[in-house]
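**Q** Could you work out the structure for the sequence below:
(2 chains)
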There are 2 protein chains.
Amino acid sequence: MSAYQEMTKDELKAEYGRLMEEYKAYQARGLSLDMSRGKPGADQLDISMEMMTLLARPEDCKADDGFDCRNYGLMDGLPEARQFFAGLMGVKRENVIAGGNSSLNMMYDTIAAAYTHGLRGHMPWGRQDGLKFLCPVPGYDRHFTVTEHFGFAMIPVPMTPDGPDMEEVERLVKDDESVKGIWCVPKYSNPQGYTYSDETVRRFAALKPAAPDFLILWDNAYIVHDLENETDPLLNLMEECEKAGNENLAVMFTSTSKITFPGGGIAAMTASPENMKDFRRRLFCQSIGPDKLNQLRHVRFFRECGGVAELMKKHKAILCPKFEMVVSKLRSNLGELGIMSWNEPRGGYFVSVDTLPGCAARVVALCKEAGVVMTPAGATFPYGKDPQDRNIRIAPTLPPVPELETAMELFCLCVKLASAEQLLK
Amino acid sequence: MSAYQEMTKDELKAEYGRLMEEYKAYQARGLSLDMSRGKPGADQLDISMEMMTLLARPEDCKADDGFDCRNYGLMDGLPEARQFFAGLMGVKRENVIAGGNSSLNMMYDTIAAAYTHGLRGHMPWGRQDGLKFLCPVPGYDRHFTVTEHFGFAMIPVPMTPDGPDMEEVERLVKDDESVKGIWCVPKYSNPQGYTYSDETVRRFAALKPAAPDFLILWDNAYIVHDLENETDPLLNLMEECEKAGNENLAVMFTSTSKITFPGGGIAAMTASPENMKDFRRRLFCQSIGPDKLNQLRHVRFFRECGGVAELMKKHKAILCPKFEMVVSKLRSNLGELGIMSWNEPRGGYFVSVDTLPGCAARVVALCKEAGVVMTPAGATFPYGKDPQDRNIRIAPTLPPVPELETAMELFCLCVKLASAEQLLK
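**A** All right, here's what the predicted structure looks like:
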């Protein structure tokens, strides 16, 4: 089939008619499929079930140092949980806080604390005017929701296969004190699956923002979430920041949400000693300690199952066929038509696609009307508005492969329909 | 023995000399005992161990409606966990948020949200000047720490056996818009063990504060924590507020920290529909949901063990001898001396004592020097400063009974020593 742009109007109209017949047949099937969120499938959740009975007896609830994890205390987390995350993130244990199940909550709290109390003695963000935050696009909607909630003007920064456009980042932070930070998913980015290049990380570490209280929020959500045998290398931002004398710039987060259980994992954050002093002071007011039993349960499980790398191999074995299905359907259905581009991620949870300008919302609507829920078009941009209405995030992890195949067939059909409509306008 | 105040100086000096000999003997024993915090003892933690293996298989992780609790979702908590807390607090499920392990964190977040975003459209607290908060004294230090962290001027309100002095509360809130709320532990208060009377609760519900965004933070931490067969009756503040047309006044909290595990329990909050709308909006930005596996684990356990009331009987059986030991030691050692008053709590986690004015810090210091750690004197007052230096919070739950006996003997001795020193000044 030739590219849609090369067809005559009449050819395209005929094609549209054929597609619409096909679409109506899908509608008649009464599908109900969900590709909207990056949820692990049930088979992935089964991988970690052994964890659930590890703390059976009172003596199982004791930490390595004898501390009874069932009781109050250890406000910054269980030492061995902090050690685990320190190893994962490549930082020192004393700079790690191990928390509850949500790293997003830790990011929220970090921004809230800077907003109410300021960072390292600087004026609280809440008392400064015209706050701005940099948002690489496409990006993660829940990040953008946090900064929107706190009233930041969100400035989109284009993503590239090497990470955010660093020239743009450097330009935006250079003279404007009201630019307070940037959201980053540095490895297998959400949604494109890009891993920041060494140069990008080094330029982040060397950043000289006008704002003395600028933060790089480094959400390493997919830190071990490979789809290939070789992991994408990612430089350690904290180390690079230290080398550049810039260690207060970075706050790094990760969690086991997509290693063990999204609904019952553990999360962690790390920052410079100076920033940690602020964060700890807040933490002491906020709680008498996280759920240490779940931290202990996780650490014990990781020891018994042979480590996180072993677990991630099992996740990979389940996820690879799903990602392959998505990419192969895109290729076979849309490869020659010139109406869609996509990336083929080497890790993470998403495939990001771009339609012709002005088609994304229509594609998502068409899918929905035939029973397939996609992430809302625009969700990958601040305020939910994609200025070109092009980007769609495909989340292939939750549905079983046969359902995914059906959903992708329908999706590709909807892309063709919406594109033909657009070209016929 | 006659009361210390009736002794001559010489009699008292002789007494002091005898006491000091006794004290030195204790010091020589090298004790190391902790009565500083309201931690359950290990035998109490053993009560709930069956919970730890209840979610063994994937199908065990499904909620009543089939929802897989291992995955993302249900940001305001598992329906059956919310139902459990609704029953416990006597409110509607739809107004309950079930969260992580820390109700203190929920209180912190409530204040933080009012501070950054304001309540129900009112100006954010962070943009108002001269914020004040009412603190019944003696009270819970961790409450005071939260309001101190947010820069509130804390105004002490005297406690009575019926709850806070309501005349004082009514007077303080009436004309001053900067008074934004009050901390309450309405049942078996921390540290005195007082339960608010019906009249107190009704007067709270009928409060007409000048501040339209005033909050009663109702921390029902000891909601089922009886030491007697008959529980202290406590009116339902939310119901009373509704009757008084004042439902936006109250935010109520509770947790299972001292029902199951302080280090791995579940917590909840409830408020009016209008307040809940604000809190939910924040919650949606803050997290993708609490640890639902731990919520499910708890709900299942409560069903299987015959309910919370059954569990609390077991706690009571362990705690009663400890509280009896404290009170009997106070009685037998100090009953006739006129140098200490105390209350005999019918529930909760503490015994509150008052020394002669100016003696509390000295008593705690003497205890410490002989190896017994008490809650720091002053901790039950805002800023850690007891103006009369009288109140000490005894936390008898953690040590086993024989250790407690020794610690109480020493404590009484230190009270005598400090009192004699004071009277000899």
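**Q** Neighbours of A:H122, how many?
**A** For A:H122, the neighbour count with other Cβ atoms under 10 Å in any protein chain shown is 13. From N, CA and C alone the C-beta is placed, and that goes for glycine too.
**Q** For A:E304, give me its contacts.
**A** Applying Cβ atoms under 8 Å, 6 or more residues apart in numbering or on different chains, we find A:E304 in contact with A:E50, A:L54.
**Q** Check the offset of the helix or strand containing A:D354 from the chain's centre.
**A** In the assignment (DSSP states H and E), A:D354 maps to strand A:351-355. On the basis of Cα atoms, centre = their mean, to the nearest Å, strand A:351-355 sits 16 Å off its chain's mean C-alpha point.
**Q** what about the longest helix seen in chain A, near chain B?
**A** Ranked by residue count and defined by DSSP state H, the top helix of chain A is helix A:308-334. No. Judged by Cβ under 8 Å from any Cβ of the partner chain, helix A:308-334 and chain B are separated, with a smallest distance of 13.7 Å.
**Q** buried sites along that helix?
**A** Within helix A:308-334, the residues that count as buried by 16 or more other Cβ atoms under 10 Å in any protein chain shown are A:308, A:311-312, A:315-316, A:318-319, A:322-323, A:325-327, A:329-330, A:333-334.
**Q** Likewise for stretch A:152-162?
**A** By neighbour count on 16+ other Cβ under 10 Å, the buried set for stretch A:152-162 is A:F152, A:M154, A:I155, A:P156, A:V157, A:M159, A:T160, A:D162.
**Q** Helices along the stretch 101-250 of chain A, start to end?
**A** With DSSP state H, counting those that start in this stretch as the criterion, the stretch 101-250 of chain A has helices at A:103-117, A:141-149, A:166-174, A:198-205, A:237-243.
**Q** For those, give me JSON lines that also has mean pLDDT, distance to B:V96 and mean neighbour count.
**A** Shown next, in JSON lines, are those (pLDDT from 0 to 100; distance: least, Cβ to Cβ, whole Å; neighbours: other Cβ atoms under 10 Å in any protein chain shown):
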{"stretch": "helix A:103-117", "mean pLDDT": "97", "distance to B:V96": "19", "mean neighbour count": "24"}
{"stretch": "helix A:141-149", "mean pLDDT": "97", "distance to B:V96": "22", "mean neighbour count": "21"}
{"stretch": "helix A:166-174", "mean pLDDT": "98", "distance to B:V96": "43", "mean neighbour count": "17"}
{"stretch": "helix A:198-205", "mean pLDDT": "98", "distance to B:V96": "42", "mean neighbour count": "20"}
{"stretch": "helix A:237-243", "mean pLDDT": "98", "distance to B:V96": "40", "mean neighbour count": "20"}
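**Q** Tell me how far the residue lying closest to A:C285 once chain neighbours are set aside lies from B:R142.
**A** Computed as Cβ to Cβ, 6 or more residues apart in numbering or on different chains, the closest residue to A:C285 that is not its neighbour in sequence is B:H149, at 4.2 Å. From B:H149 across to B:R142, the span is 11 Å (Cβ to Cβ, to the nearest Å).
**Q** and what of A:I182?
**A** Noted for A:I182: a distance of 35 Å to B:R142, by Cβ to Cβ.
**Q** before we move on, what about A:A211?
**A** As for A:A211, its distance to B:R142 is 33 Å (criterion: Cβ to Cβ).
**Q** and what of A:K62?
**A** As defined by Cβ to Cβ, A:K62 lies at a distance of 25 Å from B:R142.
**Q** how long is stretch A:117-131 end to end?
**A** Taking Cα to Cα, to the nearest Å, stretch A:117-131 runs 15 Å from one end to the other.
**Q** Tell me if that stretch is near chain B.
**A** Yes. With Cβ under 8 Å from any Cβ as the measure, stretch A:117-131 is seen reaching chain B through A:H117, A:P124, A:G126, A:R127.
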